[in-house]
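A.B. asks: Sequence first, then the predicted structure, then my questions.
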Amino acid sequence: MGSIDKVKLTSGKILKSMRSRFGYTQNEVSEVIGISVSNLSSLENDKRNLGLELAAKFSILYGIRIEGLVFPNGIEKMKGYKSIVKKIEKLKAA
């Protein structure tokens, strides 16, 4: 595995990267999304959690799937995922 495999994606890193990719300023994005520049900066620097409504707005703006913003490392990496899967397997087996 290369070093890129060890980088943990975050919603903030994705938001900042997408804004840069599209060549938008924070002022432009905050105006479109309907939040302040300081809130956008907090989101991009992972100092504020991205809720579902904002994730939906960003997914529309950047043309990406909302799941990629909500679960940037995949749903399988979500805390408690393995436990839920085991419980579902037991439930199905019963």
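C.D. replies: Nice, thanks for sending it over.

A.B. asks: For this protein, which residue occupies the most central location?
C.D. replies: Closest to where the C-alpha atoms of the chain average out (Cα atoms, centre = their mean) is Leu69, at 2.3 Å.

A.B. asks: Look at it and report its pLDDT.
C.D. replies: Looking at Leu69, its pLDDT stands at 95.

A.B. asks: One more: the one 4 residues further on?
C.D. replies: Among the per-residue scores, Asn73 shows a pLDDT of 92.

A.B. asks: ok, now the one 3 residues further on?
C.D. replies: Glu76 is assigned a pLDDT of 92 by the prediction.

A.B. asks: Contacts only, for Pro72.
C.D. replies: For Pro72, the contact set (Cβ atoms under 8 Å, 6 or more residues apart in numbering) comprises 9-11, 13-14. From N, CA and C alone the C-beta is placed, and that goes for glycine too.

A.B. asks: Name the nearest of those residues relative to Gly74.
C.D. replies: Of all the contacts of Pro72, Gly74 sits closest to Leu9, with 9.1 Å by Cβ to Cβ.
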